[in-house]
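Peer 1: this one's sequence-less:
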């Protein structure tokens, strides 16, 4: 199980680059003007040789300089003692995420995908449509995030559904080794509960099978009940959970 978690964690790093990154003694410090927790946190990916009591203050100073609280991602690969240390420093838990996986031979792929358009590239109009679906108005995010999508080195499958000349649903598949990762599933609010998210997911999983993937993974925020029910109905099962420890409110920086 630990080997599978390490594999998925590595693939998720490949799938979602940050705007800025620093490698530090087996840790990676990620920064993207707080577009998402994942791209603005410290992740442990290798062997650590320095003591935690030295490394944590270093990370805090880096994020202080960048004008944001320090955030640490806590996955099952991280020592529970490290999580306890952050808790004792006043760090709080935010944004708990469940990772779900499925063997594609066991996936339920019976939904029609006639409305879905696919592209091997990630066009600018798709990114800006995603901003609109997510109601992303921050001008810094709208400026830097397109470059993050263009920095993805792995093979991608970009999916969308268009109505009346506008993209009303999006999805992104990222192929890595024998997996396809499912990302950016969004449907415009007035088009929800019509099966469009299922079409997007089904189409991406089928495309993954065609391109050699035998497994799929995705990440869903805990208690997002509608998304969890959709993914479960497609055959996904819970694999593991991770969360983020965020620096105390009193030490936030403007």
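Peer 2: On my side now, so go ahead. Nothing here was measured: the structure is a model prediction, and the numbers come from that model.
Peer 1: residues contacting the residue lying closest to residue 123 once chain neighbours are set aside?
Peer 2: In space, and not counting its chain neighbours, residue 123 is closest to residue 158: 7.2 Å by CB to CB, 6 or more residues apart in numbering. The way it works is simple: take the backbone N, C-alpha and C, and place the C-beta from them, glycine included. Going by CB atoms under 8 Å, 6 or more residues apart in numbering, residue 158 touches 118, 119, 120, 121, 122, 123, 126, 171, 172, 173.
Peer 1: same thing but at 7 Å, please
Peer 2: Residue 158 is in contact with 118, 119, 121, 122, 126, 172, counting by CB atoms under 7 Å, 6 or more residues apart in numbering.
Peer 1: Who is it paired with across the strands?
Peer 2: residue 119, residue 172 (DSSP bridges).
Peer 1: if I look at it, how far off is residue 129?
Peer 2: To residue 129, residue 158 is 11 Å away according to CB to CB, to the nearest Å.
Peer 1: if we can go back for a sec, can you check the contacts of residue 158 and name whichever has the most neighbours?
Peer 2: residue 172 (24 neighbours; other CB atoms under 10 Å).
Peer 1: Verify the contact between it and residue 156 for me.
Peer 2: Yes. Contact criterion CB atoms under 7 Å: residue 172 and residue 156 qualify, at 6.4 Å.
Peer 1: quick one: strands adjacent to the helix or strand containing residue 180?
Peer 2: If you go by DSSP states H and E, residue 180 is part of strand 179-187. Using DSSP bridges, the strands paired with strand 179-187 in its sheet are strand 166-176 (antiparallel), strand 215-221 (parallel).
Peer 1: hey, which of these is tucked in deepest?
Peer 2: strand 166-176 (a mean of 23; mean count of other CB atoms under 10 Å).
Peer 1: now that strand: mean pLDDT?
Peer 2: For strand 166-176, the mean pLDDT works out to 98.
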